[in-house]
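A.B. asks: next one to model:
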Amino acid sequence: MIRSSNGARAARGLRIAAMMVSAALLLAGCATQAPRNPIAQWHGSPNFDARAPQAIVLHHTHMDSARAALRTLQTRNPQGRVSAHYLIGRDGTLYQLVSEDRRAWHAGASRWGGWRDLNSASIGIELDNNGREPFSEPLVDTLIVLLEDITRRHGIPTHAVLAHGDIAPGRKQDPSALFPWQRLADAGFGLWPRAGHGPAPHAFDPWAALRLIGYDLRDRDAVVRAFHRRYRGTEDAVDAPPALDAGDHAILHDLQRQLLGMPPATGTVPGAPL
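C.D. replies: Sure thing, here's the model as predicted:
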């Protein structure tokens, strides 16, 4: 996995520090005591932790402006109440809507690996994008800064940056096939095939690899569509069952080897688009 240069990382570090100072100034004097039950005697114990998020879920807003997305995320709407911890505007502005130690309503019915309630296990980030356009450079720059900050503070594995479409493949397609996952991988975030990886062996089981990565295989067609959207940048037609080709097998084989702590396989897949 290619990492960003020391200079770029230092610059992002300065942006993180500036964001944290601004947040501290905004929150100073606004802290409140945690709710206590009035019918009980309070005898506080120090033996507890805050909610510990273990993954980050990326969404796009399906809207044409951050202002419209903020209205939806802050109010009731016809499809039901939704929220996210953060929203990033096309211009790179970062908005926080829900404290990270609270459970935002962004994932809905979802599964990933052993998690059955992603709202409780993750931080949700909405990206100001209508799903039909490239993601802006300022937005992606801010997202990388935010990912560095969140993963560092919470100890979230850098590969645990997920798409909404990954965790709910039968319901959701966001962020779209236009999302720059390789750009995130170059900065150190998200699971991505390594350059120069070789072919999958003849007996390779792609479904075992998809299950190891975290996909819920109850709807295999939806999982293949989600995999292609994320790792091939394509959107499969919904009127025909999608298929996994040799290139897909090679990618899955390398992702599996990464998760098992193994080096990339060598060789090439003749004629397969990698």
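
A.B. asks: C-alpha from now on. contacts and neighbour counts both.
C.D. replies: Noted.

A.B. asks: give me the local confidence score for the residue located most distally from the centre of the chain.
C.D. replies: Distance to the chain centre peaks in the chain at Q41, reaching 41.5 Å (criterion: CA atoms, centre = their mean). For Q41, the pLDDT comes out at 74.

A.B. asks: next: N6.
C.D. replies: 53.

A.B. asks: can I get the strand or helix carrying L184 in CSV, CA atoms only?
C.D. replies: Secondary-structure assignment from DSSP states H and E places L184 in helix 181-186. The C-alpha trace of helix 181-186 is given here as CSV (Å, rounded to 0.1, in the frame of the first residue of the first chain):
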residue,chain,number,x,y,z
TRP,A,181,-11.0,4.4,-3.2
GLN,A,182,-7.5,4.1,-4.6
ARG,A,183,-6.8,7.7,-3.6
LEU,A,184,-7.8,6.8,-0.1
ALA,A,185,-5.6,3.7,-0.2
ASP,A,186,-2.7,5.8,-1.4
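
A.B. asks: after it, which helix or strand is next? Please name it.
C.D. replies: Per DSSP H and E, the helix or strand that comes after helix 181-186 is helix 206-213.

A.B. asks: using CSV, list the CA coordinates for that next one.
C.D. replies: What follows is helix 206-213, C-alpha atoms only, in CSV (Å, rounded to 0.1, in the frame of the first residue of the first chain):
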residue,chain,number,x,y,z
PRO,A,206,-13.9,-16.2,-3.9
TRP,A,207,-16.9,-16.5,-1.6
ALA,A,208,-14.7,-17.4,1.3
ALA,A,209,-12.6,-14.3,0.6
LEU,A,210,-15.7,-12.1,0.4
ARG,A,211,-16.9,-13.5,3.7
LEU,A,212,-13.4,-12.9,5.3
ILE,A,213,-13.4,-9.3,4.0
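
A.B. asks: one step back: how about the residue farthest from the centre of the chain, secondary structure?
C.D. replies: Following DSSP: H, G, I helix; E, B strand; the rest coil, Q41 is assigned to coil.

A.B. asks: contacts only, for Q256.
C.D. replies: A209, L212, I213 (CA atoms under 8 Å, 6 or more residues apart in numbering).

A.B. asks: which of those sits closest to A68?
C.D. replies: I213 (34.3 Å; CA to CA).

A.B. asks: what's around that closest one, how many residues?
C.D. replies: 19 (other CA atoms under 10 Å).

A.B. asks: can you check A208 too?
C.D. replies: Using other CA under 10 Å, A208 has 15 other residues around it.

A.B. asks: before we move on, what about the one 10 residues further on?
C.D. replies: The tally of other residues near R218 (other CA under 10 Å) stands at 9.

A.B. asks: now do P169
C.D. replies: 25.

A.B. asks: go on, the one 10 residues further on?
C.D. replies: Burial of F179 is recorded as 22 neighbouring residues (other CA under 10 Å).

A.B. asks: V98 too?
C.D. replies: With other CA under 10 Å as criterion, V98 counts 18.

A.B. asks: so which of the contacts of Q256 comes closest to S99?
C.D. replies: Distances from S99 to the contacts of Q256, taken by CA to CA, are shortest for I213, at 28.2 Å.

A.B. asks: test my guess that that closest one contacts G114.
C.D. replies: No. Using CA atoms under 8 Å, I213 is not in contact with G114; the gap is 10.9 Å.

A.B. asks: chain center to stretch 53-63, what's the gap?
C.D. replies: Chain-centre distance of stretch 53-63: 6 Å, with CA atoms, centre = their mean, to the nearest Å.

A.B. asks: number the chain from 11, please
C.D. replies: Sure, I'll start counting at 11 from here, so that last one is stretch 63-73.

A.B. asks: now that stretch: mean pLDDT?
C.D. replies: pLDDT averaged over stretch 63-73 gives 96.

A.B. asks: beyond the helix-or-strand element of the chain with minimal mean pLDDT, next helix or strand please.
C.D. replies: In the chain, the helix or strand scored least confidently by mean pLDDT, DSSP states H and E is helix 16-37, which has a mean of 51. The first helix or strand that comes after helix 16-37 along the chain, using DSSP H and E, is strand 65-70.

A.B. asks: in whatever helix or strand comes next after that following strand, what's buried?
C.D. replies: Next helix or strand after strand 65-70 toward the C-terminus (DSSP H and E): helix 76-84. Buried residues in helix 76-84, defined by neighbour count with 16 or more other CA atoms under 10 Å: A76, A79, L80, T82, L83.
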